[in-house]
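In: need a structure here:
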Amino acid sequence: MRQDCLAPSRPLLTLPGADRAFPPLGTPSIAVLPFADAGGEFETQAFADGVTDALTETLARIRGLFVSGRNSAFTYRGHRPCPKEVGRRLGVAHVMDGEVHRQDDRIEIVAGLCDAASGRLLWRERLAGPHAALPRLQGALVARTVATIAPDLPFEADAIELARHPGDCGIYAGFLAACAQTVAGTEESLRALLGSLEAIAGLVPDHPIPQALRAQAYADLVVQGWSRDRAGDAAQGMEHARIALALMDGEDPAVLIPVGHALSVLTRDHGRALSFLDRALAINPNAAAGHERRGWVLCHVGRPMEALGHFGAALRLSPLDRACYRFEAGLGLALCMAGEPLAALPHLRRALNDAPSCVGSRCALAASLGRLGRCAEARAAADALRDEAPERLVAAWLLPFESSPGRERLIEGLRVAGLAA
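Out: The predicted structure follows:
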C-alpha cells in the first residue's frame, strides 16, 4: 500500500525565466527513485544505491533527456510515493523505481516505469544473472527506458556505457556518508568531510573521485574564510586536484566538476575551470552540481546574467536537494551582481534559512541590502557573521572575483553594511 504523498517543500523554480531554455519544451523526462533492498541488509542497500546511481547517471548522459538529480530523488528513500506527486515535485513525466535482490553470486533487479501524469504502470521487468552480468542488466533497463519515454530519440543501445561509481570499489556506503556531510554548510561539517574522504582515499588510493572531492572541500574551506592556513590549504587542495586528474580514466564529470570549481577558487584559473566544467556538462548535461559550479565561476569572472541560467538549471534539476541553499545563494549573488538586489533577497534568505553559517550567503545578503540603502538591515546581516574579524571573511570570499561591474556592486553594498572590502 502506498504511503501518503509527501508535501512539497519549495517551488520547482523561484526565478521567473531562469529555466526558459532548460529543458526545452517537450523534452522527455524521468526521475529514478532509490531502489530498495529486498532483504533489508545494510550492505545490500548500499549496493542498491549504487545500482540506482549508475542508472541515473547513465540516463543523464543521454543527450535529449531531462533526468532529475539523484539528490532530489533520494529524498524518497524509504517511501513509496505516488508517481503523480513525484512528477509534480520534480517536474518529470516518468518515474522509475524498483528492488534489488542479491544472494551469493546472483543478482535480481525488479524495475518498473510509471507515467507520472496518470500514475499508470507502463511496464515492470525482472532481470537476473550472476554478479558479473550487472552491467548487462543495467544496460537493458536503460535501453528499454529510453525506448519507452523517447522512442524518436537517436540512440544506440549497444553504445551504452554505464557510469562508474565508488560502489564499484566496495566503498559506496562510506562514500554516501561522506557526501552527506558536505551539504551542511558549516566549518565543522567540512572538516569532518575531509576526515572521511581521507579514510576513503586510503581504502581506494587509485580512485579519483575521493581526491576530487578533497580538492572541492579545501576550496570551500578557503572561500568561506574558515581556513587557518590559506596558502597551505590551497596547496593541499590543488595537490588533490592534480592526483584526481592523473587517476581519471577518460572524462568523468564526477571528477571534472569539483576540480574545475577548485581551480577557480584556489588559483583563479577561471579559464581552465570553465573548460573543465564545459567538458563535464557536455558529457552529462543533467548534472545539477555542474551547472551550480559553473554559475559560481561565471560570477567570479563577472558574467552574472549567464550564471543565472546555470543556477536556475541546477534548481530545476534537483529542487529537493539538501544543497539547494547553494543554488539559492548563487541566484541571489548573481542577481545582486547584475544590479537586481531586491530580487536577490528572497533567494539569499532561503539560502540562509537552510544554511545559516554560510559566509557567502551572508555577505551577498549584506551587499544586497546595502545596495538598496537599507543600512540598518545591512549592518545586522554583517553582524550575523559572528567573527572577530569579519573583514577577513569578506576578503577570503571576494578573492576569486575578477574586477567587474558586478564585483564593484558587491563591494559598494558591503561598505554600506560596514564591511570594508
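In: so how far is A132 from G87?
Out: According to Cβ to Cβ, to the nearest Å, G87 and A132 sit 35 Å apart. Yep, even glycine has a C-beta here, placed from its N, CA and C like the rest.
In: So for the two, which residue has more residues nearby?
Out: Set side by side, G87 and A132 show more neighbours around G87, with 24 against 9, by other Cβ atoms under 10 Å.
In: Secondary structure element holding the more buried one?
Out: helix 83-90 (DSSP states H and E).
In: Flag every buried residue along that helix.
Out: P83, K84, E85, V86, G87, R89, L90 (16 or more other Cβ atoms under 10 Å).
In: ok, the residue positioned nearest the centre of the chain - contacts?
Out: The residue lying closest to the centre of the chain (Cα atoms, centre = their mean) is A289, at 3.2 Å. Residues in contact with A289 (Cβ atoms under 8 Å, 6 or more residues apart in numbering) are I257, P258, A314.
In: ok, which stretches of the stretch 251-400 of the chain are helices?
Out: Assigned by DSSP state H, counting those that start in this stretch, the stretch 251-400 of the chain shows helices spanning 253-267, 270-283, 288-300, 304-317, 324-337, 341-354, 359-371, 375-383, 390-398.
In: Format these as TSV; extra columns: distance to R106.
Out: As requested, the helices of the stretch 251-400 of the chain are arranged in TSV below (distance: least, Cβ to Cβ, whole Å):
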stretch	distance to R106
helix 253-267	29
helix 270-283	33
helix 288-300	35
helix 304-317	35
helix 324-337	39
helix 341-354	43
helix 359-371	49
helix 375-383	58
helix 390-398	53
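In: which stretches of this protein have low pLDDT?
Out: 1-22, 40-44, 156-184, 386-388, 420-421 (pLDDT under 70).
In: now with 50?
Out: 1-19, 169 (pLDDT under 50).
In: how is it carved up into domains?
Out: Annotated domains of the chain cover 29-163, 165-285, 325-421 [automatic domain parsing].
In: who's in contact with the residue nearest to L256 when sequence neighbours are not counted?
Out: Nearest non-adjacent residue to L256, counting by Cβ to Cβ, 6 or more residues apart in numbering: A280, 4.0 Å away. By Cβ under 8 Å, 6+ apart, A280 lies in contact with E251, P253, L256, I257, G260, A287, G290.
In: picking that back up, how about CSV for the domains of the chain, with distance to H310 added?
Out: Converted to CSV, the domains of the chain look like this (distance: least, Cβ to Cβ, whole Å):
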stretch, distance to H310
domain 29-163, 14
domain 165-285, 9
domain 325-421, 8
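In: R303: which of those is closest?
Out: Closest approach to R303 among the domains of the chain (Cβ to Cβ): domain 325-421, 8.1 Å.
In: my read: L197 touches I209, true?
Out: No: using Cβ atoms under 8 Å, L197 is not in contact with I209; the gap is 9.3 Å.
In: wait, is V100 part of a strand?
Out: Yes: going by DSSP: H, G, I helix; E, B strand; the rest coil, the assignment for V100 places it inside a strand.
In: what's the distance between it and A378?
Out: 52 Å.
In: and what of A288?
Out: Applying Cβ to Cβ to A288 and A378 gives a distance of 31 Å.
In: So between these two, which is more surrounded?
Out: Shown here are A288 and A378; by other Cβ under 10 Å, A288 has more neighbours (28 against 25).
In: Helices of the stretch 1-150 of the chain, residue ranges please.
Out: Under DSSP H, counting those that start in this stretch, the stretch 1-150 of the chain gives helices at 42-60, 70-73, 83-90, 134-149.
In: out of those, which comes closest to L33?
Out: So among the helices of the stretch 1-150 of the chain, helix 70-73 is nearest, using Cβ to Cβ, at 5.4 Å.
In: Give me the contacts around the closest one.
Out: 31-34, 52-53, 56-57, 90, 288, 317-323.
In: and that helix, which residues are buried?
Out: R70, N71, S72, A73.
In: same thing with stretch 27-43?
Out: In stretch 27-43, counting by 16+ other Cβ under 10 Å, buried: P28, S29, I30, A31, V32, L33, P34, F35, A36, D37, A38.
In: Could you tell me which of those belong to strands?
Out: Among these, DSSP state E puts S29, I30, A31, V32, A36, D37 in strands.
In: show me what contacts the fifth one?
Out: With contacts defined as Cβ under 8 Å, 6+ apart, A36 is in contact with Q45, A48, D97, G98, E99, V100.
In: any idea which of the residues you listed is closest to A246?
Out: Lowest distance from A246 to these (Cβ to Cβ) belongs to A48, with 31.7 Å.
In: burial of the closest one, as a residue count?
Out: Count around A48 with other Cβ under 10 Å applied: 25.
In: does it really touch D37, like I thought?
Out: Yes: using Cβ under 8 Å, A48 is in contact with D37, at 4.8 Å.
In: G413 and C336 touch, don't they?
Out: Yes: at 7.0 Å, G413 counts as touching C336 under the criterion of Cβ under 8 Å.
In: Can you get me a residue count around A376?
Out: So A376, with other Cβ under 10 Å, has 9 neighbours.
In: Can you tell me how far it is from R415?
Out: For A376, the distance to R415 - Cβ to Cβ - is 15 Å.
In: Kind regards, and thank you for your time.
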